[in-house]
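Colleague: this one's sequence-less:
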């Protein structure tokens, strides 16, 4: 277990198998400051814990407003956590500053949703890829070598055809490959991909996800794949974590979640996701009513209780559910199983 | 025999640009019967939305070619001038939920007023009566009557989408075009809206043209499926047949790229990218990416009839 021993900055942890450990992480965005020092928060991430092993991929699945993007950005340390601990490779990175933070970010690649928005329109492919190398003081000769090899890795080949192009000259899929090339150019250990394919077409989606999977295997990378789309998770991750209103409500291996979902919310998500089948048009889907709650004022107790058909009065609406291990390595935050 | 509700014949829509004419819709034909839903699927830029715009005649200024026939209840709409079309077809005959619909509500007008507006404008109904009808229609789509007096910002995304569906329903059109009606919504909200569409399809015996890039989602509503590629329909098929065994190589490949939740299959993607609509490849437009291409494919592929108005545009199925 984790204890106070970790809080010292830069301290090395010896017995950790996990590349990334997140403990009780919170990120509350300040909403407004009232009279008498009263502060309102949007509790985007509210007590999230998990471990991610080297070489493994986890899908974080949630709807918009579930806090999944904030979680990704907090792990990247684009946001300063409100509380909790982030351990990376045995080092506490929760409160790193300037130089050490740069060091950390070198180890974590980021792939955003909108590739075009992530690429400076006035820079060529070469400049885009060279920038992180310059920032990290890598010698010119080495830079050229790395640019070439990372373009080859994402198969933007022949390299000469791409290296002097501007982002707008590339297709959506190629732009996303370029973003991935930039994310891996510093040889990171972890990639955080936030909805990397949601703006792309079906076939291009699979192409990009397959590429990410290949890179993960070839370089023993860990991947956090943030998505709203359950159907792709089967093919591209070892683990699925389901997020609802700032909390992870179910954690298990991919096949487990898809074949034996426990949490009512997970079940609802699975129910609501169609597979191509002509019979679909004759069946109504079982969908819980309502909308996800506001994170500024989430419901008391279990956050899913206002929409849950199994809600037990006096329990689910009062007390926060514990995390129960329903089967080996299958954790569910629900009173039904407590 | 009575004519089909909608019949599109050899429809073409080209846009002129500096680089040349963009052949967004190029020789498209299909039929939709009363109570039937046609799902129009394809990758972005294949001409799905342009086809919708060509049918409901909401065209940008740079149209260079707009020809063919669009029959609604047997009447050729291409013979109508702009004014007649607006008066007799748009909203009353065909209405549309567009992709950006969620943001198309006016923020400073109450929801009920906005839903009632097509009735006042197109059916000449009095304000009070129209508002009454609007409340009724809102209820039908699952919005409590009292919400008619609220402003759009007070409604969630799913509710706003319902209000827009109510707006398209209120004039009792024969056909509703749904252009990516749920792509901005969350998974559960999307499922709720699909439930609603299934319900009104059944209750009102309405016809839909359902445009989507999401193949799994298309099966939620489709009785027939049209696959578009580079401005043309390459396969028009019965839903039962299509989702089990698509025929055109593009459809097959597209299906193979759809991840499934309930079974594990080998996912594939289609190498290369769709062609330019300015200068599409000669012959079959999919040929450059097709694993089954032969010498024949450099010539325009024939439309091979599958019966029931269905067809596939491919030399592979040519037996002559």
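Modeller: Great, that's in hand. Owing to the predicted nature of the structure, the values given are computational and were not obtained by experimental measurement.

Colleague: Helices along the stretch 1-150 of chain A, start to end?
Modeller: Along the stretch 1-150 of chain A, the stretches classed as helices by DSSP state H, counting those that start in this stretch are A:68-75, A:98-106, A:115-118, A:125-135, A:140-153.

Colleague: How is residue B:13 classified with respect to secondary structure?
Modeller: What DSSP: H, G, I helix; E, B strand; the rest coil gives for residue B:13 is strand.

Colleague: Just the pLDDT for the residue in chain B that chain A sits nearest to.
Modeller: As assessed by CB to the nearest CB, chain A sits closest to residue B:191 within chain B, at 3.6 Å. Quick note: C-beta positions are derived from backbone N, CA and C, even for glycine. At residue B:191, the predicted lDDT confidence score is 94.

Colleague: Figure out which of the helices of the stretch 1-150 of chain A is closest to residue B:201.
Modeller: For the helices of the stretch 1-150 of chain A, the distance to residue B:201 is smallest for helix A:68-75, at 33.4 Å, taking CB to CB.

Colleague: List the contacts of that closest one.
Modeller: Residues outside helix A:68-75 that contact it (CB atoms under 8 Å, 6 or more residues apart in numbering or on different chains): A:20, A:22, A:25, A:27, A:29, A:44-45, A:48, A:60-62, A:79, A:81, A:86, A:108, A:110, A:192, A:194-195, A:224, A:226, A:243.

Colleague: For the stretch 51-200 of chain B, what lies in contact range of chain A?
Modeller: B:156-158, B:186-192, B:194-195, B:198-199 (CB under 8 Å from any CB of the partner chain).

Colleague: JSON lines for the helices of the stretch 1-150 of chain A, including mean neighbour count and mean pLDDT?
Modeller: Shown next, in JSON lines, are the helices of the stretch 1-150 of chain A (neighbours: other CB atoms under 10 Å in any protein chain shown; pLDDT from 0 to 100):
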{"stretch": "helix A:68-75", "mean neighbour count": "24", "mean pLDDT": "95"}
{"stretch": "helix A:98-106", "mean neighbour count": "13", "mean pLDDT": "91"}
{"stretch": "helix A:115-118", "mean neighbour count": "18", "mean pLDDT": "90"}
{"stretch": "helix A:125-135", "mean neighbour count": "18", "mean pLDDT": "96"}
{"stretch": "helix A:140-153", "mean neighbour count": "16", "mean pLDDT": "96"}
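
Colleague: Out of those helices, which is closest to residue B:50?
Modeller: When those are compared by CB to CB, helix A:115-118 sits nearest residue B:50, at 22.1 Å.

Colleague: by contact count, what packs against the closest one?
Modeller: Applying 3 or more CB pairs under 8 Å, 6 or more residues apart in numbering or on different chains; DSSP states H and E, one finds that helix A:115-118 makes contact with helix A:172-184.

Colleague: quick one: residue B:89 and residue B:81 touch, right?
Modeller: No - using CB atoms under 8 Å, residue B:89 is not in contact with residue B:81; the gap is 11.3 Å.

Colleague: Have a look at these two and say which one is more surrounded.
Modeller: Using other CB atoms under 10 Å in any protein chain shown as the criterion, residue B:89 and residue B:81 rank with residue B:89 on top: 23 against 7.

Colleague: Against residue B:165, how distant is the more buried one?
Modeller: In this view, residue B:89 and residue B:165 are 19 Å apart by CB to CB, to the nearest Å.
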